[in-house]
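J.: output the structure for:
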Amino acid sequence: MRRGVIEGLISEKKKRLEDEKEELAALERELEEGRQELARINIRLSGIGKASIKVSVTALVLSSIVFLLSIYGFFDLAGVDRLFQRASSNSLRSQLVGKPFANGDVRIILVDPNARVNGFPNKDPIDDRAYHAELVDALARAGASVVAIDIYPKEPPSSFDEEHIKSINAATEKLANSIKRATDGGTQVIIGTVGFDPAGEPISKIPVLLREPLKNNLGNVKTAYIRFRPAIQWIKLGDEISEGPRREVSEQGVSIAPSFVVQAIRLFKSSGNEQGPNAFFNQNDNTIRLLNDNREVLLSIPVDGSDMLYYFSVPDDEILRSVRSSYQDIYQKRFDSEALADFRGKIVMIGYQGEQDMHYVNGGRRMPGVEIQASVISNILQGVNLKKLSGVYEYLTILLMVALGLVLQTKWLGRFTIA
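T.: Numbering: from 1, shown residues only. The predicted model follows:
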């Protein structure tokens, strides 16, 4: 009997040991499953980390490529840049107004380099002054408000022979007299200069015969501002007068030497043969202000910082055609009052379209400088003040768009796709 008890105890102990082995095996299986799950989680986390780095690097590279291509007008090969530019410009307007030239205050007379009329145009514009004089007389008779000739006159070079110099001086005197007659009749005439010094004096040497009739009617024609790519994006509207007797500082700002654009607008805002309002730059709100004699603001133009830059929005060519005339055509009709009636009360911009006068705008498109100036004048007169995103914001926007596109293509977001 004692032996049976012992065998029962041994059997019970064996059973307990077998149960403990089964529990230990089950625990080991659970631990192994836990280790395998942890390994899977680590692999998944590692894949997500690598994918994140890959997405970030790819987004950075692709956005840089897209940004550079957009800067150099690559997409304009298919007209995408022009389409996007028109859409973005319209969305960035500070006021809901019409297209450039919709207000009808600006007209353009463009010299056709392929059309010849009585020897005009000449190889050197210095020889065209007699024609300009006759056209100024005609436009003054038609009642034009401002005639802005997009040239910067110079003295005949000493390399010219005596007869040639004599001919140019006679034509210059003829132009000077036509400017005086136009001013006396209420039509202001503007001619360009290549810039102004800190005292507000023109940098280019103005011929002696033209200095008196032009007086303060000179505007800087070298105002195009290019950023990142060889295309005009901004127009400089003025240069601060920092020294000399022309310098003036008031609560409205500091006096400036106006650009060709501001000069035309300034004189357009004058009455008859008056010299027009004075131009100041106010640093508090970055505006160019035109003030009358009572220091009242006649016009305020928002600009980009102390450089006084105004964003240039390219108008459609069909819009320009509606306000553009051929110089040769108008010259031949200069005594036809009916043909010139459209210029009455207008700013008339006169310019050339030779190779040296053409400028890139928005990638592959080129425009003569006078049309660019006219477009800016028209926008300002309508109160259109465009704001352009800086290059940093443009790049960050592209980077965000590319990164978002890559993330949406990853397999972890597959559940959200249409498939």
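J.: name the nearest residue to residue 247, sequence neighbours excluded.
T.: residue 241 (4.7 Å; Cβ to Cβ, 6 or more residues apart in numbering). No exception for glycine: its C-beta is placed from N, CA and C like everyone else's.
J.: distance check, that neighbour against residue 278.
T.: 11 Å (Cβ to Cβ, to the nearest Å).
J.: ok so, going back, ok, how many other residues are close to the residue nearest to residue 247?
T.: Counted with other Cβ atoms under 10 Å, residues neighbouring residue 241 total 24.
J.: now for it: which residues touch it?
T.: Going by Cβ atoms under 8 Å, 6 or more residues apart in numbering, residue 241 touches 196, 198-200, 247-248, 254-257.
J.: which of those residues are buried?
T.: 196, 200, 254-257 (16 or more other Cβ atoms under 10 Å).
J.: from those, which two are the most distant?
T.: Greatest spacing in the buried ones among the contacts of residue 241, by Cβ to Cβ: 196 and 254 (13.7 Å).
J.: in the stretch 101-250 of the chain, which spans are strands?
T.: For the stretch 101-250 of the chain, applying DSSP state E, counting those that start in this stretch gives strands covering 106-110, 146-149, 188-193, 218-220, 224-226, 232-236, 238-240, 249-250.
J.: which of these has the lowest mean pLDDT?
T.: Of all the strands of the stretch 101-250 of the chain, strand 224-226 carries the lowest average pLDDT, namely a mean of 77.
J.: which parts of that strand are buried?
T.: 224-225.
J.: now do stretch 264-271
T.: Quick answer for stretch 264-271 (16+ other Cβ under 10 Å): 264-270.
J.: repeat for stretch 217-228
T.: For stretch 217-228, by 16+ other Cβ under 10 Å, it's 217-221, 223-225.
J.: so who does residue 339 touch?
T.: 330, 333.
J.: go on, residue 235?
T.: 223-225, 259, 261, 309-310, 312, 372-373, 376.
J.: coming back round to it: which of the contacts of residue 241 fall in helices?
T.: Among those, the subset assigned to helices under DSSP state H is empty.
J.: for residue 125, see how far away residue 355 is.
T.: Residue 355 is 13 Å from residue 125, by Cβ to Cβ.
J.: and the two? Which one has more around it.
T.: residue 125 (20 against 8).
J.: so what's the nearest residue to that one once chain neighbours are set aside up against?
T.: Nearest non-adjacent residue to residue 125, counting by Cβ to Cβ, 6+ apart: residue 151, 5.7 Å away. Taking Cβ under 8 Å, 6+ apart, we find residue 151 in contact with 125, 132, 191-192, 221, 351-352.
J.: sorry, back to before: export the buried ones among the contacts of residue 241 to a markdown table and tack on pLDDT and distance to residue 366?
T.: Below are these laid out as a markdown table (pLDDT from 0 to 100; distance: Cβ to Cβ, whole Å):
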| residue | pLDDT | distance to residue 366 |
| --- | --- | --- |
| 196 | 91 | 27 |
| 200 | 90 | 32 |
| 254 | 94 | 36 |
| 255 | 93 | 35 |
| 256 | 93 | 30 |
| 257 | 93 | 28 |
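J.: where does the protein have its least confident helix or strand?
T.: helix 80-91 (a mean of 53; mean pLDDT, DSSP states H and E).
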